[in-house]
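**Student:** what's the 3D shape of this:
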Amino acid sequence: EGGDSVPSDLSGWGEVEGIQLVDKTTGEDIDGEIYDTFEEAVHDGDWSPGQPFNFIVRNVPASLKKMDISELLNQLDPTGELRKEAKDKGETMPDEEIDSLRALGDDCERRAEAAPREAQNEESVFAGGKGKGYNIMQRSDLLADSMDADGTENRSTLMHVMDAMANHGCLVVDLTDGGATYKDAIALSKMWDANCRFFDTINSDVEAAQQLPPIGVAEGAGSDAAKVGFSSYGEGKMQFLETRLNRQNGALLPSEVVNIIGADGSDAMEKAFGIIADVGKDALRVAVAAVNDDADAFLQEDRGGAGGTTDGGDPDMPSISGLTFEEAETSGVSGGDSNAEPSDENYKRAAVRSSEAAALLAQDLMDGGRSIGDANEGCVSMSPHRMCRYSDVNRGFDKKKKSNSSGLSEIFGAHTDTSFITAVPVAAVSGL
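**Tutor:** Purely as a prediction, here's the structure:
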């Protein structure tokens with residue numbers, strides 16, 4: 001609409017005035033200036049794309065607009081064949097579910113900020129090799145028993161782990177070793193049964209849910225970060241059970257959970273904790289050894305002069321004035337040949353030390369819920385085992401909330417964990 005004979009704010013809507021901006025974050029009306037034109041709202045009110053606003057329309061034409069979006073689509077698809085094809089694919093048409101300017105603004109913002117990613121089916125995702133997807137690691141290959149005889153990480157395993165981390169940011173591990181053993185897999189299956197029993201119970205029995213303590217610092221914990229308990233957010237859409245182990249007796253915390261899942265469920269959770277923690281420790285050990293080796297973290301150069309090589313653990317190492325070469329260099333008595341190329345022996349020794357240091361780090365710094373014999377260790381594990389339930393419990397169209405009437409809504413968005421390592425048992429629903 002428009003033209004020389006029509007005011008700038010008079011179109012298919014009518015004459016627009018009384019424009020009031022709405023806070024994009026809170027959804028509340030912004031008190032203050034009321035603008036007479038959209039131009040004033042943009043320039044003087046600093047309106048930004050996607051920001052909601054209220055306005056008044058006067059002198060609304062009695063006739064319908066020449067063409068709305070539905071009419072346009074009907075012109076492009078007069079037989080409705082394309083619309084039917086889209087419906088069969090589960091796609092939403094542009095004229096559906098947008099019933100207000102605010103909804104249109106929200107949809108535009110979502111489309112602008114969402115990063116689309118090509119979807120893959122399970123067959124291609126786990127294909128491995130050079131194609132798209134993940135090359136699954138067998139559990140036994142991660143074990144320390146599978147290291148080479150000289151004490152270094154198996155080269156094939158090391159490259160597999162680092163390739164997965166570099167290209168995908170995660171490593172998929174098969175606990176069954178390709179179907180050779182099902183002991184750990186069965187243990188995790190029992191954990192999932194206990195998990196389902198827990199959430200089914202608390203969502204059907206109010207009194208059971210009330211028995212659970214809210215998430216808070218565990219009794220006897222050595223850090224305020226060691227929390228256990230239950231929390232529910234978004235009217236039940238997100239529910240979290242934070243558990244830890246008492247390393248002195250192996251009991252599951254909080255103890256109130258046992259009243260809901262039973263002794264067998266508690267036993268399943270405790271065993272699963274150990275299985276998952278061990279996989280995480282082994283994967284971390286291999287990754288740290290690889291990084292150490294790549295950075296030459298334990299590589300010492302060959303020394304000139306007497307023709308020996310530095311090795312702090314060798315009592316027969318050549319010395320100067322009663323000092324080993326290493327001590328002499330530190331004290332300034334002697335200096336090594338900084339241009340000397342390390343020998344093959346030094347490279348091999350550095351690789352062994354890299355693996356030893358990585359194993360020590362994984363064992364002593366990663367808390368698997370078991371005691372390491374340190375008198376100063378706390379009785380509560382610092383590593384949590386978090387059970388999560390995401391459910392669109394209020395699914396369905398709500399005119400007041402302008403919610404999606406046909407599709408699933410995002411409950412918990414993509415994020416990055418800040419934990420040392422995150423180990424996730426694969427759930428029945430892909431992506432969780």
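**Student:** and stretch 31-39, average pLDDT?
**Tutor:** Averaging pLDDT along stretch 31-39 yields 84.
**Student:** which parts of that stretch are buried?
**Tutor:** For stretch 31-39, the neighbour count (16 or more other Cβ atoms under 10 Å) marks I34, Y35, T37, F38 as buried. Quick note: C-beta positions are derived from backbone N, CA and C, even for glycine.
**Student:** quick one: it to chain centroid distance?
**Tutor:** 43 Å (Cα atoms, centre = their mean, to the nearest Å).
**Student:** who touches that stretch?
**Tutor:** Stretch 31-39 is contacted by residues S8, D9, V16, E17, G18, I19, Q20, L21, A41, D44, G45 when judged by Cβ atoms under 8 Å, 6 or more residues apart in numbering.
**Student:** now the one helix or strand I56 maps to: buried residues?
**Tutor:** Assigned by DSSP states H and E, I56 belongs to strand 53-58. Neighbour-count burial for strand 53-58 flags F53, F55 (criterion: 16+ other Cβ under 10 Å).
**Student:** partner strands of that strand and their direction?
**Tutor:** As defined by DSSP bridges, the strand partners of strand 53-58 come to strand 15-21 (antiparallel).
**Student:** can I get the strand it pairs with in PDB, CA atoms only?
**Tutor:** The C-alpha trace of strand 15-21 is given here as PDB (Å, rounded to 0.1, in the frame of the first residue of the first chain):
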ATOM      1  CA  GLU A  15      -2.600   5.000  10.700                       C
ATOM      2  CA  VAL A  16      -0.100   3.900  13.300                       C
ATOM      3  CA  GLU A  17       0.600   5.900  16.500                       C
ATOM      4  CA  GLY A  18       1.300   5.400  20.200                       C
ATOM      5  CA  ILE A  19       4.300   3.100  19.700                       C
ATOM      6  CA  GLN A  20       5.600   1.700  22.900                       C
ATOM      7  CA  LEU A  21       8.800  -0.500  23.100                       C
END
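**Student:** following that strand, which helix or strand comes up?
**Tutor:** As assigned by DSSP H and E, the chain's next helix or strand after strand 15-21 is helix 38-43.
**Student:** quick check, nearest of the contacts of stretch 31-39 to T422?
**Tutor:** Checking the contacts of stretch 31-39 against T422 by Cβ to Cβ gives L21 as the nearest, at 41.4 Å.
**Student:** what ranges does the chain have for its strands?
**Tutor:** Along the chain, counting by DSSP state E, strands occupy 15-21, 53-58, 137-138, 173-174, 216-217, 227-233, 238-245, 252-253, 319-320, 323-324, 385-390.
**Student:** show me what the fourth one is packed against.
**Tutor:** If I follow you right, that is strand 173-174. Applying 3 or more Cβ pairs under 8 Å, 6 or more residues apart in numbering; DSSP states H and E, we find strand 173-174 packed against strand 137-138, helix 139-142.
**Student:** look up how far P384 lies from K227.
**Tutor:** Here K227 is placed at a distance of 8 Å from P384 (Cβ to Cβ, to the nearest Å).
**Student:** quick one, which of the two is more surrounded?
**Tutor:** P384 (23 against 19; other Cβ atoms under 10 Å).
**Student:** now do the contacts for the more buried one.
**Tutor:** So P384 contacts A226, K227, V228, E242, T243, R244 (Cβ under 8 Å, 6+ apart).
**Student:** coming back round to it: now the buried members of the contacts of stretch 31-39.
**Tutor:** Using 16+ other Cβ under 10 Å as the burial test, the contacts of stretch 31-39 include D9, V16, I19, Q20, L21, A41, G45 as buried.
**Student:** need the max-distance pair from the residues you listed.
**Tutor:** Spatially, the most separated pair among those is D9 and L21, at 16.3 Å (Cβ to Cβ).
**Student:** where does the prediction get shaky in the stretch 151-300 of the chain?
**Tutor:** In the predicted model of the stretch 151-300 of the chain, residues 300 satisfy pLDDT under 70.
**Student:** name the residues of the lengthiest helix in the chain that come out as buried.
**Tutor:** The residue-count maximum for a helix in the chain (DSSP state H) belongs to helix 258-294. For helix 258-294, a neighbour-count test (16+ other Cβ under 10 Å) marks 258, 260-261, 265-290, 292-293 as buried.
**Student:** list the helices and strands it packs on?
**Tutor:** helix 139-142, helix 155-168, helix 183-202, strand 238-245, strand 252-253, helix 344-364, strand 385-390.
**Student:** kind regards, and thank you for your time.
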